[in-house]
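Participant: kindly return the folded structure for what I paste below:
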Amino acid sequence: MKFVFSFIVFFVLIITNKFFLFNEEFLILLSFISFCFLVYEKLTSLIELRFFEKSKFIQLQFLTSLNSISEKLLEKQKITLQFIQLPFTFRALKKYYLILSFNFLNKILLYLNRKEKNNFLLNLIRFNHLEKEFLKFITLLILKKSFIINSIIKFYGINLTIKRFQTINLINKLNLLKKI
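Facilitator: As a prediction, this is how the structure comes out:
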């Protein structure tokens, strides 16, 4: 209220000293200033409440989005940890294969010493079958890991704005459109 009183006093002083003439432009200016003042006095709390609600809504959306991205990153971290363990798996496969080869060679020597041809043919068939299964296993393992890498590239292409991943994502979409 002190502001209103000081404004009125200031306004009366300006009019009495004839700084302004009462013409149409001055009356329009006076109307506009009073309108602005009334809007400021009456609607400040409503506008402030509206801005507060909007900021809370944006904050809630941001937290939801952040939690979603956090969950996706944790999921991708688990996949990455499995990918990191891939060399250990290959080392274990190599060790298993070496032991298997060593045992097989020892059995071949036993066979040659005992002349068990039937047993040798049976071991060769088993070994051939084992090699086929081993090849299938390695193929499936490589396919699985390439699928994981492809899904990681797709995830980063969709959720992050890095030009390289967006370009890869666009190329993949164009290839799909060409196939259709």
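Participant: alpha carbons only for contacts and neighbour counts from here, please
Facilitator: OK.
Participant: okay, now residue 112: neighbour count?
Facilitator: Residue 112: 12 surrounding residues under other C-alpha atoms under 10 Å.
Participant: how about it, secondary structure?
Facilitator: What DSSP: H, G, I helix; E, B strand; the rest coil gives for residue 112 is helix.
Participant: how about it, what does it touch?
Facilitator: Not one residue lies near residue 112 by C-alpha atoms under 8 Å, 6 or more residues apart in numbering.
Participant: how far away is it from residue 101?
Facilitator: Per C-alpha to C-alpha, to the nearest Å, residue 112 is found 16 Å from residue 101.
Participant: what helix or strand is residue 62 located in?
Facilitator: helix 24-84 (DSSP states H and E).
Participant: how far is that helix from where the chain is centred?
Facilitator: Averaging C-alpha positions (C-alpha atoms, centre = their mean, to the nearest Å) puts helix 24-84 23 Å from its chain's average.
Participant: packing partners of that helix?
Facilitator: Counting contacts by 3 or more C-alpha pairs under 8 Å, 6 or more residues apart in numbering; DSSP states H and E, helix 24-84 is packed against helix 117-159.
Participant: can you rerun that using 7 Å?
Facilitator: Contact partners of helix 24-84 among helices and strands, from 3 or more C-alpha pairs under 7 Å, 6 or more residues apart in numbering; DSSP states H and E: none.
Participant: and the gap between residue 10 and residue 3?
Facilitator: Counting by C-alpha to C-alpha - residue 10 and residue 3 are separated by 10 Å.
Participant: what's the answer for residue 125, then?
Facilitator: Look at residue 125 and residue 3: by C-alpha to C-alpha, they are 102 Å apart.
Participant: neighbour-wise, which of the two wins?
Facilitator: Between residue 125 and residue 3, counted using other C-alpha under 10 Å, the more crowded position is residue 125 (12 against 8).
Participant: list the contacts for the more buried one?
Facilitator: Contact partners of residue 125, counting by C-alpha atoms under 7 Å, 6 or more residues apart in numbering, are absent.
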